[in-house]
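>>> quick check, what structure comes out for this input:
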Amino acid sequence: MVRITGNRETAEELTLDVFHDVWRRASTYDVKGGSVVGWIMNQARSRAIDRVRFDHRKKRVTPPYAETEIPAAAGRNPEDAFDLSEQACLVRRALEVLKPEERQVIETAFFSELTYDEVAARLEQPVGTVKTRIRSGLAKLRQVLGKTPRES
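Residues are numbered from 1 along each chain as shown. Reported below is the predicted structural model:
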């Protein structure tokens, strides 16, 4: 895992996580899928790749700012600052309409840049359930965010 993550401490942390998951989910191991070592190595590799993706995503995303703060770019133009503040408020309100399980799968999928299968594995849920929750959650968000402030 050190080769994938490039960091010994991260690799050690992931190793502990993998062995914890293996211990918890040992009953899900299927002999038809390959050897136990292969099963464990696949989980370790996937976990390491997920961590690297997450770390890269964190570096690309600008740090969030509080509602009262104005980003530097928006500080030059009061209208832009107002628009950003308004958009942030709309998104926060829209997220409130989601059920907790919808919000969980959407956040897991989009913030970690995972596929449906990867989300299902991480959350230990069936792929169909993950797809349904993402689809229904996104539909709710579209509906809420598609409204203009006068329609709310």
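
>>> just say helix, strand or coil for the spatially most central residue of the chain.
The chain has residue 108 as the residue nearest its centroid, 2.6 Å off, counting by Cα atoms, centre = their mean. Here residue 108 is recorded as helix under DSSP: H, G, I helix; E, B strand; the rest coil.

>>> if I look at it, how far off is residue 16?
21 Å (Cβ to Cβ, to the nearest Å). Every residue, glycine included, has its C-beta placed from N, CA and C.

>>> what residues does stretch 105-124 touch?
Under the criterion Cβ atoms under 8 Å, 6 or more residues apart in numbering, residues 25, 46, 50, 53-54, 57, 98, 104, 125-127, 129-131, 133-134, 137-138 lie in contact with stretch 105-124.

>>> now stretch 5-12
Stretch 5-12 has contacts (Cβ under 8 Å, 6+ apart) with 1-2, 4, 14, 48, 51-52.

>>> what about it, average pLDDT?
Across stretch 5-12, pLDDT averages out at 84.
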